[in-house]
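1. Fold the stuff below for me.
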Amino acid sequence: MRDWDPRAIMALGFVLVLLGAVLPFLIVMQAIESTIFLNFFAYTASFTGLMLGVVGAAFYVKNTKNKDK
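-> Take a look at the predicted model:
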């Protein structure tokens, strides 16, 4: 994971968080049918995206600190 770009990790996290927000919205609007799998998938996508965003931000700060020295 050292070769991954922190901005790519944050972008993937953003997409997952967005997916985790859009899916419940579509379920509430009854555009798609609510299933247990879809509900857990939306939760997992949101949580994983949040964690990837935090990890990506930490890697970004670490890399920029190392470049300054």
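2. tell me what the helix or strand of the chain with the lowest mean pLDDT is packed against?
-> When each helix and strand of the chain is scored by mean pLDDT, DSSP states H and E, helix 36-68 comes last, with a mean of 93. Using 3 or more C-beta pairs under 8 Å, 6 or more residues apart in numbering; DSSP states H and E, the elements in contact with helix 36-68 are helix 6-28. To be clear about C-beta, it is placed using only N, CA and C from the backbone, and glycine gets the same treatment.
3. ok, and what's touching the helix it packs on?
-> 32-34, 38-39, 41-57, 59-60, 63 (C-beta atoms under 8 Å, 6 or more residues apart in numbering).
4. let's see 6 Å
-> 32, 34, 42, 45-46, 48-50, 52-53, 56, 59-60 (C-beta atoms under 6 Å, 6 or more residues apart in numbering).
5. Same check on stretch 55-64?
-> Residues outside stretch 55-64 that contact it (C-beta under 6 Å, 6+ apart) are P6, I9, M10, G13.
6. could I have it exported to CSV, CA atoms only?
-> Output of stretch 55-64 as CSV, limited to C-alpha atoms (Å, rounded to 0.1, in the frame of the first residue of the first chain):
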residue,chain,number,x,y,z
VAL,A,55,-6.3,7.0,6.1
GLY,A,56,-5.7,8.8,2.8
ALA,A,57,-5.6,12.1,4.6
ALA,A,58,-3.1,10.8,7.1
PHE,A,59,-0.9,9.4,4.3
TYR,A,60,-1.1,12.7,2.5
VAL,A,61,0.0,14.7,5.5
LYS,A,62,2.8,12.3,6.2
ASN,A,63,4.0,12.5,2.6
THR,A,64,3.9,16.3,2.5
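7. could you check the angle helix 6-28 makes with the least confident helix or strand of the chain?
-> Computed with axes from the mean of the first three to the mean of the last three C-alpha atoms, to 10 degrees, the direction of helix 36-68 lies at 160 degrees from that of helix 6-28.
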